[in-house]
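Novice: Structure for the following, please:
(one chain, ligands or ions: 1)
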Amino acid sequence: MENFLLTEDERNFRDEVRNVVKSIPHELIRDIESEKIKFPREFIDIITKNKIAGARFPEKYGGRAKGWVAEMSGIEEMGYLGFTLSCMYSLGSIVGEPINKYGTEEQKAEYIRGITSGQKYGAEAITEPSGGSDLFGMMHTRAERKGNKFILNGQKRFIVGGQGADFFVTYALTDSNAKPRSKGVSAFIIDRETPGLKVETIYGLMGNKGGGTARIIFKDAEVPEENILGELNGGYDIFNRMMIPERLTTAAGSVGVATAAMEIATKYSLNREAFGTKLVEHEGVNFKIAESMTAITSASSLVYTAARAAEELDKGRIQASSVRKLISMAKLYSTEAMWTSVNNAMQIMGGIGYTTVYPVERLLRDSRLGLIWTGTSEVMKLIIQHEYLREFRSEGYLSSKRNVELDALDFQLEEEKVFK
Ligand SMILES: Cc1cc2nc3c(=O)[nH]c(=O)nc-3n(C[C@H](O)[C@H](O)[C@H](O)COP(=O)(O)OP(=O)(O)OC[C@H]3O[C@@H](n4cnc5c(N)ncnc54)[C@H](O)[C@@H]3O)c2cc1C
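Specialist: This is a model prediction of the structure:
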């Protein structure tokens, strides 16, 4: 994010994260990539020792009470490490958010303190084999109350961090007759040691190695009733709140991934020669750099705007629907800008960019996931059009502005304005 947009405190936090990112051993990333390390617990130790994990949460639970902008400026830095580690860092923010907002004092003391201290690493188990985009429509996981427990049955898939997580934030149907179905869903915090919970790792991934992406199976899993998060059947609102960090962190991480790839390509183009001059002197090359940096800076500006909007939401000064629209725009735009920019970086580097001599090929494989997870690009567009049209149709939206239609030379030809 541009320095002048950040307060001194936000800048300091961003720089703190930048220094931690610099200190991460290169060997760790290489070991993750070669699948020597399946789940990098040492990374969690580093971020918790440096006190940057769960930085947005209250100091009472070991957090730093930072705002959304500070956290996202840090996550942009994390993107330099690739999506796996920036996602592992972000997961604390994602799973901690619903607990911080809807959890009991006991849940906060146990799980948020766990996130900030590194004692408890959390993952989100939302997607089911039957569907991620239409989650509520296709949800099969059920929770039935039995005495002072809930009995869960169902499956969740593609769960990043599943292999090493100590707990999961998950959603299950608690009222199958509710209409709409989203009103019959509850959120739960589920400890890894829960009887009836099984973690299976079965996915070979194109990129994002080392996240321990797993399938979670609940077979008569016994969850104590105190592990319900928020109200019974109140899962929909909790889900919507959780989507703030979920999508903002993907957007911010994408800015970092794209910037890292472009910096490698720019440096290469300043050194490599073709047709008697440096690559960077060819317009075909430097226009790619210019276009990519414009897209990345635009993405970062949108992340900044969306993060500021989330702060306004917390102060009760903006509608949740406006924030949802901006966050979806940030997620959509940043991930697409990342994909195009990393691809440009590879093109600028020619054949060597396609090899493992440089990490651009890894960043390209990581990038592709951005357009799919935490809500696909198509789902982001559905949300944006929905929220924009809601705003557009609201009273006073057009009437408060100039009627530009009247600037047309033949504005008065009403009989030509045919709609059917
Ligand atoms: C590596 C990886 C890690 C992941 N990590 C996690 C995690 O940690 N936790 C978690 O819960 N989930 C995770 N996910 C799941 C991810 O969020 C989902 O894969 C994603 O939301 C899409 O759901 P789906 O795969 O079921 O595709 P589907 O919902 O089946 O969609 C298939 C295609 O149809 C399109 N589509 C669907 N409906 C519409 C519509 N109405 N209009 C237009 N197009 C539509 C989609 O955009 C997509 O292109 C992960 C996925 C992967 C691959």
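Novice: Could you tell me which residues of the stretch 201-350 of the chain lie near the ligand?
Specialist: 205, 208, 213 (CB under 6 Å from any ligand atom). Every residue, glycine included, has its C-beta placed from N, CA and C.
Novice: can you rerun that using 5 Å?
Specialist: Residues of the stretch 201-350 of the chain lying close to the ligand (CB under 5 Å from any ligand atom): none.
Novice: Mind listing what's buried along the helix or strand residue 144 falls within?
Specialist: Counting by DSSP states H and E, the element that carries residue 144 is strand 142-146. Neighbour-count burial for strand 142-146, with 16 or more other CB atoms under 10 Å as criterion, is recorded at 142, 143.
Novice: contacting residues for the closest residue to residue 271 other than its chain neighbours?
Specialist: Leaving aside its sequence neighbours, residue 271 sits nearest to residue 278 (CB to CB, 6 or more residues apart in numbering; 7.1 Å). By CB atoms under 8 Å, 6 or more residues apart in numbering, the contact list for residue 278 reads 269, 270, 271, 272.
Novice: What's the PyMOL syntax to select whichever of the residues you listed are buried?
Specialist: To isolate the buried members of the contacts of residue 278 in PyMOL, using 16+ other CB under 10 Å:
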select buried, resi 269
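Novice: still on that earlier bit, next secondary structure after the strand holding residue 144?
Specialist: Next helix or strand after strand 142-146 toward the C-terminus (DSSP H and E): strand 149-159.
Novice: which secondary structure elements does that next one contact?
Specialist: Applying 3 or more CB pairs under 8 Å, 6 or more residues apart in numbering; DSSP states H and E, one finds that strand 149-159 contacts strand 122-125, strand 142-146, strand 167-173, strand 185-191, strand 214-224.
Novice: Okay, domains of this protein per the record?
Specialist: Domain segmentation of the chain under automatic domain parsing yields 3-121, 125-233, 236-393.
Novice: I'd like those domains as JSON lines, with mean pLDDT appended.
Specialist: Below are the domains of the chain laid out as JSON lines (pLDDT from 0 to 100):
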{"stretch": "domain 3-121", "mean pLDDT": "97"}
{"stretch": "domain 125-233", "mean pLDDT": "96"}
{"stretch": "domain 236-393", "mean pLDDT": "98"}
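Novice: would you turn the ones you listed into TSV with distance to residue 399?
Specialist: Listed next are the domains of the chain as TSV, based on distance: least, CB to CB, whole Å:
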stretch	distance to residue 399
domain 3-121	33
domain 125-233	32
domain 236-393	12
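Novice: From residue 252, how far off is whichever residue of the stretch 101-250 of the chain sits closest to the ligand?
Specialist: Nearest to the ligand in the stretch 101-250 of the chain, going by CB to the nearest ligand atom, is residue 132, at a distance of 2.3 Å. Distance, residue 132 to residue 252, using CB to CB, to the nearest Å: 21 Å.
Novice: If you count surrounding residues, which of those two has more?
Specialist: Neighbours per residue, other CB atoms under 10 Å: of residue 132 and residue 252, the larger number sits with residue 252, 33 against 18.
Novice: Any buried residues in the strand or helix carrying the more buried one, and which?
Specialist: Here residue 252 sits within helix 235-271, counting by DSSP H and E. Neighbour counts over helix 235-271 (16+ other CB under 10 Å) mark 235-239, 241-262, 264-266, 268-269 as buried.
Novice: Quick one: name whatever helix or strand follows it.
Specialist: Heading C-terminal from helix 235-271 (DSSP H and E), you reach strand 273-274.
Novice: Now for residue 330, which secondary structure element holds it?
Specialist: Element membership for residue 330, per DSSP H and E: helix 320-349.
Novice: chain center to that helix, what's the gap?
Specialist: Mean-position distance between helix 320-349 and its chain equals 12 Å (CA atoms, centre = their mean, to the nearest Å).
Novice: tell me the angle of the following helix or strand past that helix relative to strand 149-159?
Specialist: The element immediately downstream of helix 320-349 (helix or strand, assigned by DSSP H and E) is helix 360-370. Interaxial angle of helix 360-370 relative to strand 149-159 (axes from the mean of the first three to the mean of the last three CA atoms, to 10 degrees): 140 degrees.
Novice: Other residues contacting helix 360-370?
Specialist: 33, 82-84, 206-208, 250, 253-254, 257-258, 260-261, 264-265, 334-335, 338-339, 342-343, 345-346, 349, 353-356.
Novice: go again using 6 Å as the cut-off
Specialist: With CB atoms under 6 Å, 6 or more residues apart in numbering as the test, helix 360-370 has contacts from 82-83, 206-208, 254, 257, 261, 264, 335, 338-339, 342, 345-346, 353-354.
Novice: Please spell out the ChimeraX selection for the buried subset of those residues.
Specialist: In ChimeraX syntax, the buried subset of these is picked out as below (16+ other CB under 10 Å):
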select :82,83,207,208,254,257,261,264,335,338,339,342,345,346,353
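Novice: Residue 399: how many residues sit nearby?
Specialist: Applying other CB under 10 Å, we find 7 residues neighbouring residue 399.
Novice: same thing with the one 5 residues further on?
Specialist: Other residues within reach of residue 404 by the criterion other CB under 10 Å amount to 9.
Novice: when you give positions from now on, start the count at 163
Specialist: Renumbered: residue one is now 163, and that last one reads residue 566.
Novice: give the contact list for it.
Specialist: So residue 566 contacts nothing (CB under 6 Å, 6+ apart).
Novice: distance of it from the ligand?
Specialist: Relative to the ligand, residue 566 is positioned 31 Å away (CB to the nearest ligand atom, to the nearest Å).
Novice: Please name whichever of the domains of the chain is nearest to residue 571.
Specialist: domain 398-555 (26.0 Å; CB to CB).
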